[in-house]
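Participant: Below are the sequence and a predicted model; questions follow.
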Protein chains: 2
Amino acid sequence: MKFGGTSVADLTRIRHVAEHVAREVREGNEVAVVVSAMAGETNRLVALCREAAPLHDAREYDAVVSSGENVTSGLLAIVLQSMGIEARSWQGWQLAMRTNAAHGAARIDAIDCATLTERLAQGQVAVVAGFQGLSPQNRITTLGRGGSDTTAVALAAALGADRCDIYTDVDGVYTTDPRIVKTARRLPRISHEEMLEMASLGAKVLHVRSVELAMLYDVPLMVRSTFTDPAKAPPGTLITGEDIQMEQEAVTSIAYARDEAQVTLRDVPDAPGVAYRVFGPLSAAHINVDMIVQNISDDGTATDITFTVPEADYDRAMAVIESQREEIRFGKLIGEKDVVKVSVIGVGMRSHAGVAATAFKALGERGINIRAITTSEIKISVLIDSATTELAVRTLHSAYKLDRVPAEG
Amino acid sequence: MKFGGTSVADLTRIRHVAEHVAREVREGNEVAVVVSAMAGETNRLVALCREAAPLHDAREYDAVVSSGENVTSGLLAIVLQSMGIEARSWQGWQLAMRTNAAHGAARIDAIDCATLTERLAQGQVAVVAGFQGLSPQNRITTLGRGGSDTTAVALAAALGADRCDIYTDVDGVYTTDPRIVKTARRLPRISHEEMLEMASLGAKVLHVRSVELAMLYDVPLMVRSTFTDPAKAPPGTLITGEDIQMEQEAVTSIAYARDEAQVTLRDVPDAPGVAYRVFGPLSAAHINVDMIVQNISDDGTATDITFTVPEADYDRAMAVIESQREEIRFGKLIGEKDVVKVSVIGVGMRSHAGVAATAFKALGERGINIRAITTSEIKISVLIDSATTELAVRTLHSAYKLDRVPAEG
């Protein structure tokens, strides 16, 4: 069970979390709980480090920032004990949660959980401080923002847990953003891969790395709500390996990402090595390029290249390309920040023909102009003007009949 | 160098502390720094534990409360690094600072400081989180309130440091409380034993256990002020083993403790075992008894017993004695909370006759009634009405000529 910062924001909420844990214990489960810092606490500690020095030692930053999770894990253990549930807290170095030495963004290498397994078998609840680990140099590391999800999944994998429940402020994963589409439905079940596409596309339910890890170690994840009656198991969305699913829908969800920006180079000489001359310098500047579209030129002499970058990197990307004008020899450089990427996601796409055609037809009928298209095995993404975001999401949600509850498999 | 909570209350003050450290480094010293939590932080964490459960697991309490020192040690390391001084933080488990398992009031058993010594020799400043240690069970312990002083002295002893400087909000130890006696002087030097008497008697400069430890391992302590120009070494009071002192004054200081309460049993049958019947039940109730005075009865049949207890335990002490009325067979039980213990302290007392007589004469001339007297080798304590505290302290300060600067040895 993993509880984030808003779920443990104060002692009233920590008591509520303890009730969720108590329910699982009553049902006969062995329970390990991973907790984040109380809401706002990590930000406070990060601000202190920045105030201490703008360029601070990442090892010291980790030593400072990790203390928020230490507090929460101890407090939850105390509350559980006061309810008559045997419990103890575990800090990253105590387990130990072994990571590499990439302070601030460490990767988990191994978890020594022999003692933990023994205690769980004895009926003791383990309350583990999320987000932190121990480097080979015996220093405290942190896993980066959202790292407590990763802690939970890694621990579930190491313990061979039946399930990893991520408690959050939403009750599951939806067919699309319910703020845009009223008829959006909670999905009872999706695959790791679909969740991964949705996580990277801006559905902020789960941290991307935690989903990758769950897929790699085949850990079933359950996204469910903290803020329900803790006496009853809240419903949620189960995220599992594909093979477990009974009936695959062609499309399960529509996601969108607003923080994209488009860069287009017109009239680029269509010669070998041109892609490297464009994307080499961007990579050197640590700018992540997402969609890349290169049109084949009619006469084979010139081409157009369009790509997207995170909106935050847009100005830098434009400057990098401009500085390569001589080398790339493009005709015209065009940029656009008011764009959005809308994606249609579904594992079933692989075996269902015509899924892409449905999207293009539906968007075309609504007069929505598509700036660029990319596809993968389980998703189709289109870049459109941000003014048409809501219309596009609603149109696609209807086009794939996502508002209808599917018949029982 | 040890800095308490008010010295590291915010980043402006932490920067100021770093300047003190920088001065010592510039002067060619190898420096280990022990820090407390930022002022108010430990109280906040203690309050959270209490809110979690009034009767909380001491192990979890320690895990939560120790996080305040982790934050400060990391922040000071960052600030030192930003000034070009090589530094790193050390948490209790990293050193390791090995303690027993008495959570909340652990005793230091040993400090593994081979690595630390190596780093210090390389010129790296060690910033150690005070107040915390590691139990034999690999759990975090805390040393109890004021424990960072103890961390500093224990570390100084383990490292074989030349001196342990305790930076605080006063510039040294005074002949008495300067708020009561304007002419009180800062003592340039006193003995560990004198400091121990003063510490236990309410001069809140140093934690009692830290002075005991300094005496045991013969660590010279220096009490000095944080809030001075950090470019210059602040003056202070050096607390050393007796033998180092040049010329011993008979009396060095006058201390007082307001938090005492008096209990008197009149007409107690003067028979063997009576003391046990009085003090046995108090000890069983964990009530600390300080002064004990038993008058010899004229006829050998009945006696009066007077003792003092901490004011906070007064009501419980009275109830305990009342419950033993049958067993003790006292005539009358009298209590008084408005009392104060004033003490005259000085190592030189041992070799100077008539020190006690001076006190009794001076107090008598001022009409101050003495309720009880106890003496040790290096102190004389009198219990008086609290209304006469200031008068008594001033009278004794003058009687022993403490306002005069002694001639250079």
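Facilitator: In hand now; what should we look at?
Participant: okay, now residue A:207: neighbour count?
Facilitator: The number of residues packed near residue A:207 is 22, by other Cβ atoms under 10 Å in any protein chain shown. Quick note: C-beta positions are derived from backbone N, CA and C, even for glycine.
Participant: now stretch A:184-201: how far from the chain's centre is it?
Facilitator: 10 Å (Cα atoms, centre = their mean, to the nearest Å).
Participant: Please identify the buried residues of that stretch?
Facilitator: A:184-185, A:187, A:189-201 (16 or more other Cβ atoms under 10 Å in any protein chain shown).
Participant: How about stretch A:276-288?
Facilitator: Under 16+ other Cβ under 10 Å, the buried positions of stretch A:276-288 are A:277-278, A:281-282, A:287.
Participant: now those in TSV, with distance to chain B, pLDDT and secondary structure?
Facilitator: As requested, the buried residues of stretch A:276-288 are exported to TSV (distance: Cβ to the nearest Cβ, whole Å; pLDDT from 0 to 100; DSSP: H, G, I helix; E, B strand; the rest coil):
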residue	distance to chain B	pLDDT	secondary structure
A:277	40	87	helix
A:278	39	90	helix
A:281	33	91	helix
A:282	32	91	helix
A:287	29	88	coil
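Participant: Mind putting those into CSV with distance to residue A:314?
Facilitator: Shown next, in CSV, are the buried residues of stretch A:276-288 (distance: Cβ to Cβ, whole Å):
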residue, distance to residue A:314
A:277, 20
A:278, 16
A:281, 15
A:282, 12
A:287, 9
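Participant: quick one: which of those residues is nearest to residue A:372?
Facilitator: residue A:278 (15.0 Å; Cβ to Cβ).
Participant: OK, contacts around that closest one?
Facilitator: A:265, A:268, A:305, A:307, A:321, A:324, A:328 (Cβ atoms under 8 Å, 6 or more residues apart in numbering or on different chains).
Participant: Just the ones of those in helices?
Facilitator: In helices, judged by DSSP state H, the following of those are found: A:321, A:328.
Participant: Redo the contacts of residue A:278 as JSON lines? Include neighbour count.
Facilitator: Conversion of the contacts of residue A:278 to JSON lines gives the following (neighbours: other Cβ atoms under 10 Å in any protein chain shown):
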{"residue": "A:265", "neighbour count": "23"}
{"residue": "A:268", "neighbour count": "22"}
{"residue": "A:305", "neighbour count": "21"}
{"residue": "A:307", "neighbour count": "24"}
{"residue": "A:321", "neighbour count": "20"}
{"residue": "A:324", "neighbour count": "17"}
{"residue": "A:328", "neighbour count": "18"}
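Participant: Now for the contacts of residue A:278: which two are most distant?
Facilitator: A:307 and A:324 (13.6 Å).
Participant: Distance of residue A:134 relative to residue A:266?
Facilitator: 52 Å (Cβ to Cβ, to the nearest Å).
Participant: How about residue A:235?
Facilitator: Relative to residue A:266, and taking Cβ to Cβ, residue A:235 is found at 51 Å.
Participant: What of residue A:91?
Facilitator: 56 Å.
Participant: again with residue A:77
Facilitator: 62 Å.
Participant: These two: which is more packed in?
Facilitator: Set residue A:77 next to residue A:266 and count neighbours by other Cβ under 10 Å: residue A:77 wins out with 31 against 14.
Participant: who touches the more buried one in this structure?
Facilitator: A:87-89, A:125, A:127, B:57, B:60, B:63.
Participant: Among those, which pair sits farthest apart?
Facilitator: Most distant of those, by Cβ to Cβ, are A:125 and B:63, 14.9 Å apart.
Participant: Comparing the two, which residue is more hemmed in?
Facilitator: For residue A:125 and residue B:63, the more surrounded residue by other Cβ under 10 Å is residue B:63, and the numbers stand at 31 against 26.
Participant: And the average pLDDT for the helix or strand that the more buried one is a member of is what?
Facilitator: If you go by DSSP states H and E, residue B:63 is part of helix B:58-65. The pLDDT scores in helix B:58-65 average 96.
Participant: what are the ranges of the helices in the stretch 301-409 of chain A?
Facilitator: For the stretch 301-409 of chain A, the helices defined by DSSP state H, counting those that start in this stretch cover A:314-323, A:325-328, A:355-365, A:389-399.
Participant: Looking at these, which is nearest to chain B?
Facilitator: helix A:314-323 (26.8 Å; Cβ to the nearest Cβ).
Participant: and that closest one, which residues are buried?
Facilitator: A:314, A:317-318, A:320-321.
Participant: Return the residues in contact with residue A:140.
Facilitator: A:59, A:62-63, A:66, A:92-93, A:132-134, B:91.
Participant: so who does the residue lying farthest from the centre of chain A touch?
Facilitator: Residue farthest from the centre of chain A, counting by Cα atoms, centre = their mean, is residue A:299 at 42.6 Å. By Cβ under 8 Å, 6+ apart, no residues touch residue A:299.
Participant: Secondary structure element holding it?
Facilitator: Residue A:299 belongs to no helix or strand, assigned by DSSP H and E.
Participant: ok, which residues in chain A are in contact with chain B?
Facilitator: Applying Cβ under 8 Å from any Cβ of the partner chain, one finds that chain A approaches chain B through A:11, A:14, A:45, A:48-49, A:51-53, A:55-57, A:59-61, A:63-64, A:66-68, A:70-71, A:73-75, A:77-79, A:81-82, A:88-89, A:91, A:93-94, A:138-140.
Participant: Pull out the buried members of those.
Facilitator: Buried among those by 16+ other Cβ under 10 Å: A:11, A:14, A:45, A:48-49, A:51-53, A:56-57, A:59-61, A:63-64, A:66-68, A:70-71, A:73-75, A:77-79, A:81-82, A:88-89, A:91, A:93-94, A:139-140.
Participant: Could you list which of those belong to strands?
Facilitator: Here DSSP state E is the test, and those give A:88-89, A:140 as lying in strands.
Participant: Which single one of those is nearest to residue A:175?
Facilitator: Using Cβ to Cβ, these come closest to residue A:175 at residue A:89, 38.5 Å.
Participant: mind checking pLDDT for that closest one?
Facilitator: pLDDT, residue A:89: 98.
Participant: Would you enumerate the residues in contact with it?
Facilitator: So, once contact is read as Cβ under 8 Å, 6+ apart, residue A:89 ends up touching A:70, A:73-74, A:76-77, A:127-129, B:60, B:63.
Participant: now do residue A:372
Facilitator: A:262, A:291, A:293, A:306, A:308, A:382-383.
Participant: Surely residue A:62 touches residue A:137?
Facilitator: No. Contact between residue A:62 and residue A:137 fails when scored by Cβ atoms under 8 Å: they sit 11.5 Å apart.
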